[in-house]
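Visitor: test case, fold it:
(one chain, ligands or ions: 1)
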Amino acid sequence: MATVTGYPGSFQKMDLEHKAIERIKMASDMSLHHYGLPLVCTYSGGKDSDVILELFKRSGVQFEVHNSHTTVDAPQTVYHIRKKFREIELCGTKAEIQMPTYKGVPCSMWTLIPQKGMPPSRLMRYCCVVLKETGCANRFIATGVRWDESNARAERGAYEVIGKTKADMITATDEIMLMNDNSIKRTMTENCMRKNKMVVNPIIDWRHRDIWDFIQSEHIDYNPLYDCGYKRVGCIGCPMAAKSRWKEFSDFPTYQRAYIRAFDKMLEGLKARWKDKPPKWKSGYDVFLWWMGDKNVEGQMDLFEDGFVSEN
Ligand code: SF4
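Guide: As a prediction, this is how the structure comes out:
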(Lines give C-alpha, C1' and ligand atoms only; values in the text may rest on other atoms or scores of the structure.)
Protein backbone atom coordinates (compact mmCIF):
# COMPACT_ATOMS: atom_id res chain seq x y z
CA MET A 1 0.00 0.00 0.00
CA ALA A 2 1.12 3.59 -0.57
CA THR A 3 2.65 5.72 2.19
CA VAL A 4 0.90 5.57 5.56
CA THR A 5 2.76 7.54 8.19
CA GLY A 6 0.85 7.09 11.39
CA TYR A 7 -2.66 7.89 12.38
CA PRO A 8 -3.29 11.39 13.76
CA GLY A 9 -6.07 10.22 16.07
CA SER A 10 -9.72 9.35 15.80
CA PHE A 11 -10.87 12.81 16.96
CA GLN A 12 -9.11 14.52 14.07
CA LYS A 13 -10.42 11.95 11.59
CA MET A 14 -13.98 12.42 12.85
CA ASP A 15 -13.56 16.18 12.63
CA LEU A 16 -12.25 16.08 9.05
CA GLU A 17 -14.93 13.62 7.99
CA HIS A 18 -17.67 15.61 9.71
CA LYS A 19 -16.52 18.89 8.13
CA ALA A 20 -16.29 17.31 4.65
CA ILE A 21 -19.77 15.82 4.94
CA GLU A 22 -21.19 19.16 6.13
CA ARG A 23 -19.67 20.82 3.03
CA ILE A 24 -21.28 18.16 0.82
CA LYS A 25 -24.65 18.64 2.52
CA MET A 26 -24.53 22.44 2.18
CA ALA A 27 -23.48 22.20 -1.47
CA SER A 28 -26.22 19.64 -2.10
CA ASP A 29 -28.87 21.99 -0.67
CA MET A 30 -27.54 24.85 -2.82
CA SER A 31 -27.42 22.65 -5.93
CA LEU A 32 -31.02 21.55 -5.51
CA HIS A 33 -32.14 25.10 -4.71
CA HIS A 34 -30.25 27.02 -7.42
CA TYR A 35 -29.92 24.49 -10.24
CA GLY A 36 -32.83 22.15 -9.43
CA LEU A 37 -30.41 19.24 -9.93
CA PRO A 38 -28.37 17.02 -7.60
CA LEU A 39 -24.76 17.78 -6.69
CA VAL A 40 -22.25 15.98 -8.97
CA CYS A 41 -19.34 14.04 -7.49
CA THR A 42 -16.54 14.22 -10.07
CA TYR A 43 -14.46 11.06 -10.14
CA SER A 44 -11.03 10.54 -11.75
CA GLY A 45 -10.11 7.09 -10.42
CA GLY A 46 -7.49 8.44 -7.99
CA LYS A 47 -7.31 8.14 -4.20
CA ASP A 48 -8.93 11.52 -3.52
CA SER A 49 -11.87 10.61 -5.74
CA ASP A 50 -12.40 7.39 -3.81
CA VAL A 51 -12.43 9.32 -0.55
CA ILE A 52 -15.00 11.90 -1.70
CA LEU A 53 -17.15 9.18 -3.22
CA GLU A 54 -17.22 7.38 0.14
CA LEU A 55 -18.06 10.67 1.91
CA PHE A 56 -20.93 11.27 -0.52
CA LYS A 57 -22.33 7.82 0.27
CA ARG A 58 -22.11 8.58 3.99
CA SER A 59 -23.68 12.03 3.65
CA GLY A 60 -27.06 10.62 2.63
CA VAL A 61 -27.58 13.32 -0.04
CA GLN A 62 -28.92 12.63 -3.50
CA PHE A 63 -26.00 12.85 -5.98
CA GLU A 64 -24.67 11.89 -9.40
CA VAL A 65 -21.14 10.74 -10.32
CA HIS A 66 -19.25 11.96 -13.38
CA ASN A 67 -15.98 10.96 -15.03
CA SER A 68 -14.37 12.65 -18.04
CA HIS A 69 -12.67 9.94 -20.07
CA THR A 70 -9.26 11.44 -20.89
CA THR A 71 -8.16 8.71 -23.35
CA VAL A 72 -4.70 8.79 -21.69
CA ASP A 73 -5.46 7.10 -18.38
CA ALA A 74 -3.67 3.84 -17.63
CA PRO A 75 -5.76 0.67 -18.22
CA GLN A 76 -5.79 0.02 -14.45
CA THR A 77 -7.40 3.42 -13.89
CA VAL A 78 -10.01 2.86 -16.60
CA TYR A 79 -10.91 -0.57 -15.15
CA HIS A 80 -11.07 0.86 -11.62
CA ILE A 81 -13.44 3.62 -12.76
CA ARG A 82 -15.69 1.15 -14.59
CA LYS A 83 -15.80 -1.15 -11.57
CA LYS A 84 -16.71 1.69 -9.19
CA PHE A 85 -19.33 3.05 -11.57
CA ARG A 86 -20.98 -0.39 -11.91
CA GLU A 87 -21.21 -0.59 -8.12
CA ILE A 88 -22.66 2.92 -7.89
CA GLU A 89 -25.27 2.24 -10.57
CA LEU A 90 -26.32 -0.94 -8.80
CA CYS A 91 -27.17 1.28 -5.81
CA GLY A 92 -29.44 3.39 -8.04
CA THR A 93 -27.11 6.42 -8.42
CA LYS A 94 -26.52 7.92 -11.86
CA ALA A 95 -22.88 7.44 -12.92
CA GLU A 96 -21.76 8.84 -16.27
CA ILE A 97 -18.48 8.40 -18.15
CA GLN A 98 -18.29 11.24 -20.67
CA MET A 99 -16.35 10.62 -23.88
CA PRO A 100 -14.46 13.69 -25.16
CA THR A 101 -15.32 15.67 -28.30
CA TYR A 102 -13.55 18.55 -30.05
CA LYS A 103 -15.47 20.85 -32.40
CA GLY A 104 -18.39 18.44 -32.17
CA VAL A 105 -16.39 15.35 -33.19
CA PRO A 106 -15.21 12.50 -30.91
CA CYS A 107 -11.53 13.01 -30.09
CA SER A 108 -8.60 11.68 -28.10
CA MET A 109 -5.20 12.98 -27.03
CA TRP A 110 -3.81 11.42 -30.23
CA THR A 111 -6.18 13.31 -32.55
CA LEU A 112 -5.95 16.52 -30.53
CA ILE A 113 -2.14 16.92 -30.77
CA PRO A 114 -2.04 17.14 -34.62
CA GLN A 115 -5.07 19.44 -34.60
CA LYS A 116 -3.50 21.80 -32.07
CA GLY A 117 -0.10 21.67 -33.82
CA MET A 118 1.90 21.50 -30.59
CA PRO A 119 2.51 19.04 -27.77
CA PRO A 120 0.57 19.72 -24.55
CA SER A 121 2.80 21.50 -22.06
CA ARG A 122 2.74 23.12 -18.64
CA LEU A 123 1.91 26.41 -20.37
CA MET A 124 -0.42 24.96 -23.01
CA ARG A 125 -2.73 22.59 -21.21
CA TYR A 126 -5.27 22.52 -24.02
CA CYS A 127 -5.84 18.80 -23.39
CA CYS A 128 -7.24 19.57 -19.92
CA VAL A 129 -9.68 22.04 -21.43
CA VAL A 130 -10.90 19.54 -24.05
CA LEU A 131 -10.50 16.18 -22.32
CA LYS A 132 -11.22 16.99 -18.68
CA GLU A 133 -13.01 20.26 -18.13
CA THR A 134 -15.94 20.32 -20.53
CA GLY A 135 -18.42 18.23 -18.54
CA CYS A 136 -20.98 19.35 -15.97
CA ALA A 137 -21.63 22.82 -17.45
CA ASN A 138 -23.95 24.89 -15.26
CA ARG A 139 -23.91 22.29 -12.50
CA PHE A 140 -22.71 22.28 -8.91
CA ILE A 141 -19.81 19.83 -8.71
CA ALA A 142 -17.60 18.38 -5.99
CA THR A 143 -13.89 17.77 -6.59
CA GLY A 144 -11.03 16.15 -4.67
CA VAL A 145 -8.84 19.30 -4.78
CA ARG A 146 -6.63 19.59 -1.69
CA TRP A 147 -4.38 22.41 -0.47
CA ASP A 148 -1.38 20.20 0.23
CA GLU A 149 -1.23 18.92 -3.37
CA SER A 150 0.45 22.02 -4.78
CA ASN A 151 1.16 25.68 -4.07
CA ALA A 152 -1.12 26.65 -6.95
CA ARG A 153 -4.03 25.20 -5.04
CA ALA A 154 -3.38 27.30 -1.93
CA GLU A 155 -5.64 30.08 -3.22
CA ARG A 156 -8.56 27.70 -3.76
CA GLY A 157 -11.45 27.70 -1.30
CA ALA A 158 -13.90 25.12 0.04
CA TYR A 159 -16.52 26.68 -2.26
CA GLU A 160 -15.90 28.31 -5.64
CA VAL A 161 -17.72 29.86 -8.56
CA ILE A 162 -15.81 29.16 -11.77
CA GLY A 163 -16.29 32.01 -14.26
CA LYS A 164 -15.05 32.31 -17.81
CA THR A 165 -11.84 34.05 -16.71
CA LYS A 166 -9.67 33.85 -13.61
CA ALA A 167 -10.92 37.29 -12.59
CA ASP A 168 -14.48 35.93 -12.52
CA MET A 169 -13.54 33.23 -10.03
CA ILE A 170 -14.98 33.61 -6.53
CA THR A 171 -13.85 31.52 -3.60
CA ALA A 172 -15.43 31.23 -0.19
CA THR A 173 -14.53 29.59 3.09
CA ASP A 174 -16.79 27.60 5.42
CA GLU A 175 -17.01 30.69 7.63
CA ILE A 176 -18.41 32.87 4.85
CA MET A 177 -20.90 30.19 3.88
CA LEU A 178 -22.09 29.88 7.46
CA MET A 179 -22.56 33.62 7.94
CA ASN A 180 -25.90 35.28 7.43
CA ASP A 181 -27.83 35.26 4.15
CA ASN A 182 -26.65 38.73 3.15
CA SER A 183 -23.01 37.72 3.33
CA ILE A 184 -23.63 34.69 1.15
CA LYS A 185 -25.51 36.77 -1.37
CA ARG A 186 -22.73 39.37 -1.44
CA THR A 187 -20.18 36.67 -2.15
CA MET A 188 -22.03 34.50 -4.59
CA THR A 189 -25.05 36.14 -6.15
CA GLU A 190 -27.78 33.84 -7.40
CA ASN A 191 -27.34 35.20 -10.91
CA CYS A 192 -23.61 34.48 -10.82
CA MET A 193 -24.24 30.94 -9.57
CA ARG A 194 -26.77 30.13 -12.27
CA LYS A 195 -24.49 31.30 -15.07
CA ASN A 196 -21.38 29.47 -13.89
CA LYS A 197 -20.12 26.18 -12.59
CA MET A 198 -20.19 26.00 -8.80
CA VAL A 199 -17.59 23.87 -7.04
CA VAL A 200 -17.28 22.44 -3.55
CA ASN A 201 -13.97 20.95 -2.45
CA PRO A 202 -15.03 18.84 0.57
CA ILE A 203 -11.55 17.50 1.40
CA ILE A 204 -9.59 20.69 0.67
CA ASP A 205 -7.95 20.63 4.13
CA TRP A 206 -7.07 16.90 4.15
CA ARG A 207 -3.39 16.08 4.07
CA HIS A 208 -1.84 13.22 2.10
CA ARG A 209 -1.71 11.05 5.20
CA ASP A 210 -5.33 11.84 6.12
CA ILE A 211 -6.36 10.43 2.74
CA TRP A 212 -4.44 7.19 3.20
CA ASP A 213 -5.50 6.82 6.84
CA PHE A 214 -9.14 7.10 5.80
CA ILE A 215 -8.74 4.65 2.90
CA GLN A 216 -6.98 2.16 5.15
CA SER A 217 -9.22 2.45 8.21
CA GLU A 218 -12.44 2.36 6.16
CA HIS A 219 -11.21 -0.43 3.84
CA ILE A 220 -11.87 1.55 0.68
CA ASP A 221 -11.08 -0.14 -2.61
CA TYR A 222 -8.48 2.01 -4.40
CA ASN A 223 -6.69 2.16 -7.74
CA PRO A 224 -4.11 -0.70 -7.89
CA LEU A 225 -1.52 1.61 -9.51
CA TYR A 226 -0.73 3.01 -6.05
CA ASP A 227 0.64 -0.42 -5.16
CA CYS A 228 2.93 -0.28 -8.22
CA GLY A 229 4.92 2.72 -6.98
CA TYR A 230 2.66 5.50 -8.27
CA LYS A 231 2.17 8.51 -5.98
CA ARG A 232 -0.40 10.04 -8.33
CA VAL A 233 -2.52 8.51 -11.03
CA GLY A 234 -3.79 10.37 -14.05
CA CYS A 235 -2.96 10.90 -17.70
CA ILE A 236 0.10 8.92 -18.78
CA GLY A 237 2.78 11.40 -19.84
CA CYS A 238 1.05 14.46 -18.40
CA PRO A 239 3.49 17.38 -18.76
CA MET A 240 2.59 18.43 -15.20
CA ALA A 241 3.94 15.15 -13.81
CA ALA A 242 7.67 15.98 -14.24
CA LYS A 243 10.04 13.10 -13.50
CA SER A 244 7.45 10.35 -13.04
CA ARG A 245 6.75 10.50 -16.79
CA TRP A 246 9.80 8.33 -17.54
CA LYS A 247 8.46 5.61 -15.22
CA GLU A 248 5.02 5.94 -16.80
CA PHE A 249 6.38 5.43 -20.31
CA SER A 250 8.57 2.57 -19.16
CA ASP A 251 5.51 0.85 -17.65
CA PHE A 252 3.20 1.79 -20.54
CA PRO A 253 5.29 1.83 -23.75
CA THR A 254 2.15 1.67 -25.94
CA TYR A 255 1.35 5.21 -24.80
CA GLN A 256 4.84 6.40 -25.72
CA ARG A 257 4.38 4.97 -29.22
CA ALA A 258 0.97 6.63 -29.49
CA TYR A 259 2.45 10.04 -28.52
CA ILE A 260 5.26 9.61 -31.08
CA ARG A 261 2.72 8.75 -33.81
CA ALA A 262 0.65 11.82 -32.83
CA PHE A 263 3.81 14.01 -32.95
CA ASP A 264 4.61 12.55 -36.42
CA LYS A 265 1.15 13.60 -37.62
CA MET A 266 1.58 16.99 -35.94
CA LEU A 267 4.86 17.51 -37.84
CA GLU A 268 3.21 16.57 -41.17
CA GLY A 269 0.58 19.24 -40.51
CA LEU A 270 3.17 21.84 -39.48
CA LYS A 271 5.31 21.18 -42.58
CA ALA A 272 2.26 21.63 -44.81
CA ARG A 273 1.20 24.79 -42.98
CA TRP A 274 4.65 26.41 -42.55
CA LYS A 275 6.25 25.70 -45.93
CA ASP A 276 8.60 28.70 -45.72
CA LYS A 277 9.65 27.91 -42.15
CA PRO A 278 9.30 24.15 -41.56
CA PRO A 279 9.83 22.85 -38.02
CA LYS A 280 13.39 21.90 -37.09
CA TRP A 281 12.30 18.59 -35.58
CA LYS A 282 12.91 15.74 -38.01
CA SER A 283 10.56 13.16 -36.52
CA GLY A 284 7.89 12.54 -33.92
CA TYR A 285 10.58 10.83 -31.85
CA ASP A 286 12.62 14.09 -31.81
CA VAL A 287 9.53 15.92 -30.60
CA PHE A 288 8.99 13.26 -27.95
CA LEU A 289 12.55 13.64 -26.62
CA TRP A 290 12.24 17.43 -26.61
CA TRP A 291 8.88 17.14 -24.85
CA MET A 292 10.45 14.89 -22.22
CA GLY A 293 13.11 17.53 -21.54
CA ASP A 294 16.04 15.95 -23.39
CA LYS A 295 18.40 18.89 -24.07
CA ASN A 296 20.51 16.99 -26.64
CA VAL A 297 17.96 16.59 -29.40
CA GLU A 298 19.06 17.83 -32.80
CA GLY A 299 16.82 20.63 -34.03
CA GLN A 300 15.73 21.90 -30.60
CA MET A 301 12.80 24.28 -30.91
CA ASP A 302 11.20 26.87 -28.74
CA LEU A 303 7.46 27.05 -29.37
CA PHE A 304 7.47 30.79 -28.63
CA GLU A 305 10.80 31.90 -30.14
CA ASP A 306 10.29 29.87 -33.31
CA GLY A 307 6.94 31.48 -33.81
CA PHE A 308 4.66 28.43 -33.53
CA VAL A 309 2.85 29.75 -30.50
CA SER A 310 1.90 33.30 -29.67
CA GLU A 311 1.87 34.37 -26.04
CA ASN A 312 -1.33 36.38 -26.59
S1 SF4 B 1 -2.24 15.26 -19.77
FE2 SF4 B 1 -2.20 16.61 -17.95
S3 SF4 B 1 -2.68 18.60 -18.77
FE4 SF4 B 1 -3.39 17.06 -20.28
S5 SF4 B 1 -5.53 16.48 -19.78
FE6 SF4 B 1 -4.25 15.11 -18.69
S7 SF4 B 1 -4.00 16.09 -16.66
FE8 SF4 B 1 -4.65 17.69 -18.09
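Visitor: going forward, measure contacts between C-alpha atoms and count neighbours the same way
Guide: Noted.
Visitor: for the ligand, what are the nearby residues on the stretch 101-250 of the chain?
Guide: Within the stretch 101-250 of the chain, the positions near the ligand by Cα under 6 Å from any ligand atom are 125, 127-128, 131-132, 235, 238-240.
Visitor: restricted to helices, list those residues.
Guide: C127 (DSSP state H).
Visitor: who wins for most neighbours among the residues of the stretch 101-250 of the chain next to the ligand?
Guide: Highest neighbour count within these: L131, with 23 neighbours (other Cα atoms under 10 Å).
Visitor: how near is that one to T71?
Guide: Relative to T71, L131 is positioned 8 Å away (Cα to Cα, to the nearest Å).
Visitor: who touches both of these two?
Guide: In terms of Cα atoms under 8 Å, 6 or more residues apart in numbering, L131 and T71 are both contacted by the residues 108-109.
Visitor: of the residues of the stretch 101-250 of the chain next to the ligand, closest to R209?
Guide: Nearest to R209 out of these is M240 (Cα to Cα; 22.1 Å).
Visitor: which ones are touching that closest one?
Guide: Counted by Cα under 8 Å, 6+ apart, M240 has contacts 121-122.
Visitor: please report the distance of it from A142.
Guide: Distance, M240 to A142, using Cα to Cα: 22 Å.
Visitor: what's the answer for M109, then?
Guide: Using Cα to Cα, M109 is found at 25 Å from A142.
Visitor: these two - which one has more neighbours?
Guide: Neighbours per residue (other Cα under 10 Å) separate M109 from A142, with A142 holding more: 29 against 23.
Visitor: show me what the more buried one bridges to in the sheet.
Guide: Here A142 sits in beta bridges with C41, V200, as judged by DSSP bridges.
Visitor: tell me the predicted confidence for it.
Guide: Looking at A142, its pLDDT reads 96.
Visitor: who's in contact with it?
Guide: So, once contact is read as Cα under 8 Å, 6+ apart, A142 ends up touching 24, 39-42, 199-202.
Visitor: for these, which one is nearest the ligand?
Guide: Nearest to the ligand among the contacts of A142: T42, at 14.3 Å, using Cα to the nearest ligand atom.
Visitor: now do the domain split for the protein, please.
Guide: The record's domain parsing of the chain by automatic domain parsing lists 10-223, 252-291.
Visitor: could I have the buried ones of the contacts of A142 as ChimeraX selection syntax?
Guide: In ChimeraX, a selection of the buried entries from the contacts of A142 looks like this (16 or more other Cα atoms under 10 Å):
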select :24,39,40,41,42,199,200,201,202
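Visitor: so which of the contacts of A142 is the closest to W281?
Guide: Closest approach between the contacts of A142 and W281, by Cα to Cα: T42, at 38.7 Å.
Visitor: which strands and helices lie in contact with the single longest strand found in the chain?
Guide: In the chain, assigned by DSSP state E, the strand with the most residues is strand 63-68. Judged by 3 or more Cα pairs under 8 Å, 6 or more residues apart in numbering; DSSP states H and E, strand 63-68 is in contact with strand 39-42, strand 95-98.
Visitor: what lines up beside that strand in the sheet?
Guide: Partner strands and pairing direction for strand 63-68 (DSSP bridges) are strand 39-42 (parallel), strand 95-98 (parallel).
Visitor: buried ones in the last one?
Guide: Taking 16+ other Cα under 10 Å as the neighbour-count basis, strand 95-98 is seen to contain the buried residues 95-96, 98.
Visitor: what is the mean pLDDT for the helix or strand that it is followed by?
Guide: Counting by DSSP states H and E, the element after strand 95-98 in chain order, helix or strand, is strand 101-102. On average, the pLDDT along strand 101-102 is 96.
Visitor: starting from strand 101-102, tell me which strands it pairs with and how they run.
Guide: Partners of strand 101-102 in its sheet, by DSSP bridges: strand 105-106 (antiparallel).
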